[in-house]
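S.K.: let's see this in three dimensions:
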Amino acid sequence: MSHELIWLRNKTRDVLPHAIWLISITLVYWAVFYIPLPPQFKRQGIFLVDEYILLLLVALIFLTYRQNGWGVRYIRLGLVLIVFTLPLLRLWDTAESTWNIVLGLLPWADATEYYFDASRLLEGGLFSAFSGRRPLYAGLLTVLLKLSNQNLQIVLIVFTVINAIVVFLFMEEIHNEFGLVSAIIALYLSQLFYRPFAGTTLTEQFGFPIGLLAVVVLIRAVKSTKLWLFAFGMALLTYALLIRAGTFFVLPILILFAVVQFAENRQQYIKIFLIMVAAIAVPVLTNVWLGRVVAAPQAVEFANFADTLYGQARGGVRWTQAVIDHPELASMTEPDRSQLLYRLAYEEIRNHPLGLLKGAIKAWVDFILPGSLSAFGFLTFGNKSIDFILQVSVVLIFFSGLWLFWKHRERPVSKLMLVFWAGIFLSIPFLPPVDAGVRPYTATIALLFLPVCFVFSPAVFNRLEIFHHENRAIPIGISYNAAFGLIFISLLGAPLLQTIVKPTHVQPAACESNLIPINFQLTHGSYIILSSEESGQETRVPVVQLRDVHESFDDFPYGDFAGIMRKLKQPALIAVAADIPTGRGIWIVAPAELKAYEGQTISACAELVFSTYPVMFVRTFEKP
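M.R.: Below is the predicted model:
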């Protein structure tokens, strides 16, 4: 037998078991979507069924660490996938409307703008100034929509899978570094943080996993003292912060750390400094390039920071204060709006310098004190007393972890964590929790988890772990290759689509004077069907029973829009789409029979019933 055949046979023997495991996990995971969840019930404000399921899954994951081998690791990965898919399954089972989701599926608020912009580019247009601030995320969303034939449900599943796989890699790294209990805590905290973003088209879907992978790479870099790996981690962290803007002050702090940590003599200081600067500059420049190529010319990166800065200059009020004080901002467009607002913020700082100091102190206090907007505000289960006790307990454990990092500061990972936290601490005044809670900390949220995990590390107490086994670390190349692969897709995917997608030209319908002509695409998995009891279909997104619509909006913060939806008493189709001729995003309420024309361009005449969002009731349509 030739050497080539022997090599091929050995390679097949190595790869085949992995392929079998991956196929098995995929099949089981897909079957999960067809298994109905047990009925949910509530006690003292807490939805217990899903919490019991989560605890059971976490217990099974805990037990998998008692065995070694790739087989059990694949089983663990499958369980983590289910853990992260559970919130999405429940969302589709109840068709709940939240702060960024309508009827369990359709994007709302900021999530809608990203979705509209992705749809615009696929129709031959450009991202608006809104997505121009975050072109990396909008680019990935556009690519996923294109690959899924604009099936929003598939896109949301893909986002869930990406986050679950990354958390699995993060958890494995924590297991290697801090032990089994710490790994389980990392998994649980990650799932609780991700839970509100499941089913959304928000930047957290991309910033969270890239941020976790950046931390994994940085940890491995300082443990192995590999400068090139640390530079990779810095680049990933920069990309994560560009995807979901946040604690930018960590970057200069980590540059100084790298110079001190990796330089063997003073002659190497400048070399390492330049390497780190390049690692940050490349993501920044590629992000700017992407925005210039696929976004409207008036797009301004991080334009919304001007609102935050103004609020902080006014003593720590919300970002919305700018429009209250200066109503003319509401009608302005970029870049004029952000330029004026920066001038107003600087004037406020110059005239009242103590206002910014007051805002900074308030931000630090809000970050620490338990509450819905605090650092651990995502630890909520629905019961105020339990939530308060849990948050206080975790905050105390968190500060204990920081102290333990200081106590063990001779360890490279502990030094990295302390330096990292110095950067986060300096960033807090410019990311006030009063604006968006812990969301701006998404890219570096792992640094909230790690001190808590470290408290439960066997190394802290010099004790052995009960179920500890020697664990072969997952190759670090999997982490950074996965991260850079996603970033590569988001960087080049949207410009490529822009060159190959031809603008859609349609003939607007001839409408009566009181109706507005609209043209839009209707795609499978991206609309809701409101069904009557006579149909025999129970609520399961994309089908929603009319009787469940009222309850769906119980916690929805926009009562005017909820009122429109609650008035619907007949079967209907609800969708969000970009009007092809104008490019503007619209809400569509149409007869249910329009479903028969999905995948086609529909010309219709609609009545504008609510201009703020805007909501269009389709009165007539032309059959494609």
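S.K.: contacts, neighbours, all on C-alpha from now
M.R.: Will do.
S.K.: roughly how far does the residue most central in space within the chain sit from residue 427?
M.R.: Among the residues of the chain, the smallest C-alpha distance to the mean C-alpha position (CA atoms, centre = their mean) belongs to residue 204, namely 1.8 Å. Separation of residue 204 from residue 427 (CA to CA, to the nearest Å): 18 Å.
S.K.: now do residue 42
M.R.: Taking CA to CA, one finds residue 42 at 39 Å from residue 427.
S.K.: these two: who's more crowded?
M.R.: More crowded of residue 42 and residue 427, by other CA atoms under 10 Å: residue 427, with 20 against 10.
S.K.: just after the host helix or strand of residue 483, pick out the following helix or strand.
M.R.: Following DSSP states H and E, one finds residue 483 within helix 476-500. Downstream of helix 476-500, the first helix or strand assigned by DSSP H and E is strand 516-521.
S.K.: with just CA atoms, put that next one into CSV.
M.R.: Extracted C-alpha coordinates of strand 516-521, given in CSV (Å, rounded to 0.1, in the frame of the first residue of the first chain):
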residue,chain,number,x,y,z
ILE,A,516,-50.1,54.8,-0.4
PRO,A,517,-48.5,52.6,-2.9
ILE,A,518,-45.9,50.2,-1.4
ASN,A,519,-43.8,47.4,-2.8
PHE,A,520,-42.1,44.8,-0.6
GLN,A,521,-40.7,41.3,-0.4
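S.K.: buried set for it?
M.R.: Residues 516, 517, 518, 519, 520, 521 are the ones in strand 516-521 that count as buried (16 or more other CA atoms under 10 Å).
S.K.: quick one: strands adjacent to it?
M.R.: Counting by DSSP bridges, the strands paired with strand 516-521 are strand 601-610 (antiparallel).
S.K.: pLDDT on the strand it pairs with, on average?
M.R.: Mean per-residue pLDDT for strand 601-610: 91.
S.K.: how far is the host helix or strand of residue 361 from where the chain is centred?
M.R.: Following DSSP H and E, one finds residue 361 within helix 353-368. Here helix 353-368 is found 27 Å from its chain centre; the criterion is CA atoms, centre = their mean, to the nearest Å.
S.K.: my guess is residue 181 contacts residue 452, does it?
M.R.: No: taking contacts as CA atoms under 8 Å, residue 181 lies outside contact range of residue 452: 10.8 Å.
S.K.: so where's the stretch 1-150 of the chain uncertain?
M.R.: Scanning the stretch 1-150 of the chain for pLDDT under 70 picks out 1-14, 44-45.
S.K.: lowest mean pLDDT among the helices and strands of the protein, which one is it?
M.R.: For the chain, using mean pLDDT, DSSP states H and E, the weakest element among its helices and strands is helix 458-461, scoring a mean of 68.
S.K.: let's see stretch 178-194 as PDB, backbone CA atoms only.
M.R.: Below are the C-alpha coordinates for stretch 178-194, written out as PDB (Å, rounded to 0.1, in the frame of the first residue of the first chain):
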ATOM      1  CA  PHE A 178     -10.100  27.700  37.300                       C
ATOM      2  CA  GLY A 179     -11.700  24.300  37.600                       C
ATOM      3  CA  LEU A 180     -15.000  22.600  37.200                       C
ATOM      4  CA  VAL A 181     -17.300  24.600  39.500                       C
ATOM      5  CA  SER A 182     -15.900  27.800  37.900                       C
ATOM      6  CA  ALA A 183     -16.700  26.500  34.400                       C
ATOM      7  CA  ILE A 184     -20.300  25.800  35.400                       C
ATOM      8  CA  ILE A 185     -20.700  29.200  36.900                       C
ATOM      9  CA  ALA A 186     -19.300  30.800  33.700                       C
ATOM     10  CA  LEU A 187     -21.900  28.800  31.700                       C
ATOM     11  CA  TYR A 188     -24.800  29.900  34.000                       C
ATOM     12  CA  LEU A 189     -23.800  33.500  34.000                       C
ATOM     13  CA  SER A 190     -23.400  33.500  30.300                       C
ATOM     14  CA  GLN A 191     -26.800  32.100  29.700                       C
ATOM     15  CA  LEU A 192     -28.500  34.600  32.000                       C
ATOM     16  CA  PHE A 193     -26.700  37.400  30.300                       C
ATOM     17  CA  TYR A 194     -27.600  36.200  26.800                       C
END
